[in-house]
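Asks: model the structure of this input:
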Amino acid sequence: MRKFFCFVLCAALLGSLAACRAGSTGGTGGKPGGDEQRGGALSLDDSFVIDNPFAEEQPQSSSLSHGMPVTDPEKKPEIVYTGGECTVNYAVSASGIGRDFGFLLYLDGVPQPYKLEPDGEYAYLHSVSLPEDTEDLPFTFLFTPVTGTEGESSTLAVTSLTNPRFQPDMEQTSSYGGYHSPLTAEYPVNFTASPPPFHQQVAVNPCISNMVRQTQLVTSDYLETRGWSLAQLNEGIFQFITYDGEVRYDSLAVSGDAPAAIHYELAGIPGMRSQTTFYIDHMPIADDSGTLVFENTFTSGEVLAYDFGIDVRKLDGFRTFYAVTVPLDTDDYPDFPISTLKTDSILFYQEAQNK
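Replies: Below is the predicted model of the structure:
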């Protein structure tokens, strides 16, 4: 068995997933409809499916692991960018429910569009479905870096989502169950050349409205309400999100012209930086100014709060929403198990479509 610097995700009964160690895989992106990789090992499929995650016939267990090949057991693999299109050799092992997965890539916390074949399409997430249990299946990420400069170093975060094609239909189920669970691996990228401008057109939905970012003080009442402690906030990153003023874990009915109100909070290790991106159907969404990525710096005794609306007039049918926060400079915090955060996927659906 070949050695890979890999991370593992294990699934328990009924498709409920639990991370055994930080890891990475990806998801869907681009246009709906299947697309098979020619001359490659992975079969791509970006269409949404409605398999019930709670169905009794689901596999009893599953696993997912992935990573870059290891050439030196004493050293973490690294990527050297020499110009043009970056090539990252990768491999995946998967069984059971874990055979359906996708990848989100981030370069210094910025969403990185990529391809899985030389003549393929760029997308923020590609969904993969393996026909059988597989071990150490090699493939390649291809992309033109969206950030980076000659002589500098960056970090590539590879975040996996389990079964990203799944979407509830509000009949068999209204919940994502354990699907869309994230796992992230990080690799250093050393730039020996500056990348050319990225000119590929990747669809982005500008449906964020009236974005307001502010800080609020951490009080004892606040900590009790969230179930956090000051000690915890000094050792990790924590998030909290509400939809129309309520905590939800499955779906939100939207209708009319009123935007869906999102309130998102972040708190963490003082001085640590992170980048947050909001998604609809695995594609980043922008605010009124076209901003896709929001940078955060954590301060002791404070919480960062985002308040904004989602223009539901731009969301026909069923749509999947979530937020991803990527911590930066994690090597500066070796004593803390810090990894990418993702909120639970939430289904936005038009009420008329469920009558």
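Asks: C-alpha from now on. contacts and neighbour counts both.
Replies: OK.
Asks: for the stretch 101-250 of the chain, give me the ranges with low pLDDT.
Replies: Applying pLDDT under 70 to the stretch 101-250 of the chain flags the ranges 200-201.
Asks: how far away is Gly256 from Val312?
Replies: 8 Å (C-alpha to C-alpha, to the nearest Å).
Asks: quick one: which of these two has more around it?
Replies: Taking neighbours as other C-alpha atoms under 10 Å, Gly256 and Val312 compare with Val312 leading, 20 against 10.
Asks: run through the residues that contact the more buried one.
Replies: Taking C-alpha atoms under 8 Å, 6 or more residues apart in numbering, we find Val312 in contact with Cys207, Val254, Ser255, Gly256, Asp257, Ala258, Pro259, Ala260.
Asks: same thing with Asp335?
Replies: Counted by C-alpha under 8 Å, 6+ apart, Asp335 has zero contacts.
Asks: and it, which of the three is it?
Replies: Following DSSP: H, G, I helix; E, B strand; the rest coil, Asp335 is assigned to coil.
Asks: quickly list the domain ranges of the chain.
Replies: With automatic domain parsing as the criterion, the domains of the chain are listed as 4-191, 208-354.
Asks: how about the ones you listed, which one is nearest Pro197?
Replies: domain 4-191 (7.6 Å; C-alpha to C-alpha).
Asks: hey, which of the domains of the chain is tucked in deepest?
Replies: Using mean count of other C-alpha atoms under 10 Å, the stretch among the domains of the chain with the largest mean neighbour count is domain 4-191, at a mean of 20.
Asks: need the domains of the chain in JSON lines with distance to Pro197, can you?
Replies: Shown next, in JSON lines, are the domains of the chain (distance: least, C-alpha to C-alpha, whole Å):
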{"stretch": "domain 4-191", "distance to Pro197": "8"}
{"stretch": "domain 208-354", "distance to Pro197": "17"}
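Asks: so which of the ones you listed gets nearest Val202?
Replies: domain 4-191 (6.3 Å).
Asks: find the residue closest to Tyr349 in space, skipping its chain neighbours.
Replies: Phe318 (4.6 Å; C-alpha to C-alpha, 6 or more residues apart in numbering).
Asks: pretty sure the one you found contacts Gln350?
Replies: Yes: with contacts counted by C-alpha atoms under 8 Å, Phe318 reaches Gln350, the gap being 7.0 Å.
Asks: related to what we said a few turns ago, confidence score at the residue nearest to Tyr349?
Replies: Model confidence at Phe318, given as pLDDT, is 89.
Asks: for it, list the residues it contacts.
Replies: Leu347, Phe348, Tyr349, Gln350.
Asks: next: Cys86.
Replies: Phe141, Leu142, Phe143, Thr144, Pro145.
Asks: show me which of those is closest to Leu183.
Replies: After measuring those against Leu183 - C-alpha to C-alpha - the closest member comes out as Phe141, at 17.2 Å.
Asks: tell me what the helix or strand that closest one falls within is packed against?
Replies: Counting by DSSP states H and E, the element that carries Phe141 is strand 134-143. Packing contacts for strand 134-143, counted by 3 or more C-alpha pairs under 8 Å, 6 or more residues apart in numbering; DSSP states H and E, involve strand 86-95.
Asks: the strand it packs on: partners in the sheet, and parallel or antiparallel?
Replies: strand 62-69 (antiparallel), strand 134-143 (antiparallel) (DSSP bridges).
Asks: of the ones you listed, which is nearest Gly301?
Replies: strand 62-69 (36.6 Å).
Asks: now that closest one: average pLDDT?
Replies: Mean predicted confidence for strand 62-69 is 90.
Asks: just the CA trace of that strand, in PDB.
Replies: What follows is strand 62-69, C-alpha atoms only, in PDB (Å, rounded to 0.1, in the frame of the first residue of the first chain):
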ATOM      1  CA  SER A  62     -18.300   4.200   5.500                       C
ATOM      2  CA  SER A  63     -15.000   5.900   5.400                       C
ATOM      3  CA  LEU A  64     -13.200   8.600   3.400                       C
ATOM      4  CA  SER A  65      -9.500   9.600   3.300                       C
ATOM      5  CA  HIS A  66      -7.400  11.600   1.000                       C
ATOM      6  CA  GLY A  67      -4.100  13.400   0.700                       C
ATOM      7  CA  MET A  68      -0.900  14.200  -1.200                       C
ATOM      8  CA  PRO A  69       1.600  11.400  -1.800                       C
END
